[in-house]
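S.K.: just the structure for this:
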Amino acid sequence: MEIARAAAGLFVSRGLRATRAEDIAQAAGIAPRTFYRYFATKEEAVAPLYAAGAQRWAEAVREAPAGLTVPEALEHAIRHTLVPGRGVSSASWEWVRTLIRLAGTSPALGKVWAEVCHTSETTLTEVLAERTVTPSRTPGPDGVSDTGSAAVSDTGSAAISDAVSDTGSAAVSDAVSDTGSAAVSDVTSAPETSSTPAPAPSLTSEPAPASDNVASPYQRFTAAVAGAAVRVAVESWAATDSPPIGRQGPAELALRNLRALHGFAWQESPAEEA
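M.R.: Prediction:
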């Protein structure tokens, strides 16, 4: 992650064109040969930052209270990842804005961003597939599932009304270092165990073998819809000078996109599955 932070810091401070792979290596304290051991191009160096933000978003959906419906879980995740103060500071979002803008102006960086979004969509497909599996529930005295009503009542409304909450669209992650230098702060909380970074996964590596629980075409479609609601919100915000909080912030734009999907069938009906 040190290389990714160094690359992002230089991209933001110097610009993409003015930054060489050798500059990134020097900022990260490694030799150019070591840089190319992990990344084929300078643009690929920020892929771990993009991926960490996107992974945070998908995991927030996974960790949403079990009693929430899919749209409620998506809203819960948005409020916990796309709002300044929930893991990403307001200042860091300004760095995120620059990195997203660069992805829109550089075909090479845009490809990295698109591949990260695609990978995140695959993860989200698995998450939504897990959430749309109907669990066995014990009816309450009135014939209503105790787990369903209690979870929505006790945790659903509280989570949905939570105060404001990246990587991210799918957003990127904490982007400013404590010293304010040209390095982006780590997007993950896991400590680094070695000064030598582990090789970053290849953007073109072969996918892992599919599990027995293969997602259906409709589950892939719903994940694409959910991912697009967040990705478009973040990209739309980044194209403006609006602050990261408020009605034009990424979280509010994403919530607005979800509201536009009111009535959307997040789970395929049994008849259609057959």
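
S.K.: use CA for all of it now, contacts and neighbours both
M.R.: Fine.

S.K.: any weak-confidence spans in the stretch 151-274 of the chain?
M.R.: Where the stretch 151-274 of the chain drops to pLDDT under 70, the residues are 151-213, 270-274.

S.K.: now do 50
M.R.: Residue ranges of the stretch 151-274 of the chain with pLDDT under 50: 151-196, 200-212.

S.K.: same thing with the stretch 1-150 of the chain?
M.R.: 135-150.

S.K.: how does it look with 70?
M.R.: Checking the stretch 1-150 of the chain against pLDDT under 70 turns up 87, 133-150.

S.K.: so which residues of it form helices?
M.R.: Shown for the stretch 1-150 of the chain, the helices assigned by DSSP state H, counting those that start in this stretch span residues 2-14, 21-28, 32-38, 47-62, 70-81, 90-105, 107-131, 146-151.

S.K.: what's the closest of those helices to residue 221?
M.R.: Among the helices of the stretch 1-150 of the chain, the nearest to residue 221 by Cα to Cα is helix 107-131 (8.3 Å).

S.K.: what lies in contact with the closest one?
M.R.: With Cα atoms under 8 Å, 6 or more residues apart in numbering as the test, helix 107-131 has contacts from 43-44, 47, 50-51, 54-55, 58, 61-62, 66, 70, 102-104, 169-170, 203, 215, 219-220, 222-224, 227, 231.

S.K.: ok, now stretch 231-248?
M.R.: So stretch 231-248 is contacted by 83-84, 90, 93-94, 96-98, 100-101, 117, 169-171, 249-254, 257 (Cα under 8 Å, 6+ apart).

S.K.: residues of that stretch that come out buried?
M.R.: 231-238, 243-245, 248 (16 or more other Cα atoms under 10 Å).

S.K.: adding secondary structure, write those residues out as JSON lines.
M.R.: Shown next, in JSON lines, are these (DSSP: H, G, I helix; E, B strand; the rest coil):
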{"residue": "231", "secondary structure": "helix"}
{"residue": "232", "secondary structure": "helix"}
{"residue": "233", "secondary structure": "helix"}
{"residue": "234", "secondary structure": "helix"}
{"residue": "235", "secondary structure": "helix"}
{"residue": "236", "secondary structure": "helix"}
{"residue": "237", "secondary structure": "helix"}
{"residue": "238", "secondary structure": "helix"}
{"residue": "243", "secondary structure": "coil"}
{"residue": "244", "secondary structure": "coil"}
{"residue": "245", "secondary structure": "coil"}
{"residue": "248", "secondary structure": "coil"}
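
S.K.: if we can go back for a sec, which one of the helices of the stretch 1-150 of the chain lies nearest to residue 262?
M.R.: That would be helix 70-81 among these, by Cα to Cα, at 8.8 Å.

S.K.: how many other residues sit next to the closest residue to residue 84 other than its chain neighbours?
M.R.: Nearest residue to residue 84 in three dimensions, chain neighbours excluded: residue 90, at 5.0 Å (Cα to Cα, 6 or more residues apart in numbering). When neighbours are defined as other Cα atoms under 10 Å, residue 90 has 19 of them.

S.K.: quick check: residue 90 touching residue 96?
M.R.: No - the pair residue 90 / residue 96 is not scored as a contact, 9.8 Å apart, by Cα atoms under 8 Å.

S.K.: CA atoms only: put stretch 42-60 into PDB for me.
M.R.: Provided in PDB are the C-alpha atoms of stretch 42-60 (Å, rounded to 0.1, in the frame of the first residue of the first chain):
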ATOM      1  CA  LYS A  42       2.500   3.900 -13.100                       C
ATOM      2  CA  GLU A  43      -1.300   4.100 -13.400                       C
ATOM      3  CA  GLU A  44      -1.600   0.600 -12.000                       C
ATOM      4  CA  ALA A  45       0.100   1.700  -8.800                       C
ATOM      5  CA  VAL A  46      -3.100   3.300  -7.500                       C
ATOM      6  CA  ALA A  47      -5.200   0.200  -8.100                       C
ATOM      7  CA  PRO A  48      -4.900  -0.900  -4.500                       C
ATOM      8  CA  LEU A  49      -6.400   2.400  -3.300                       C
ATOM      9  CA  TYR A  50      -9.300   2.200  -5.700                       C
ATOM     10  CA  ALA A  51      -9.800  -1.400  -4.800                       C
ATOM     11  CA  ALA A  52      -9.700  -0.800  -1.000                       C
ATOM     12  CA  GLY A  53     -12.500   1.800  -1.300                       C
ATOM     13  CA  ALA A  54     -14.600  -0.400  -3.500                       C
ATOM     14  CA  GLN A  55     -14.000  -3.400  -1.100                       C
ATOM     15  CA  ARG A  56     -15.100  -1.200   1.900                       C
ATOM     16  CA  TRP A  57     -18.400  -0.500   0.200                       C
ATOM     17  CA  ALA A  58     -19.100  -4.200  -0.600                       C
ATOM     18  CA  GLU A  59     -18.200  -5.300   2.900                       C
ATOM     19  CA  ALA A  60     -20.400  -2.600   4.400                       C
END
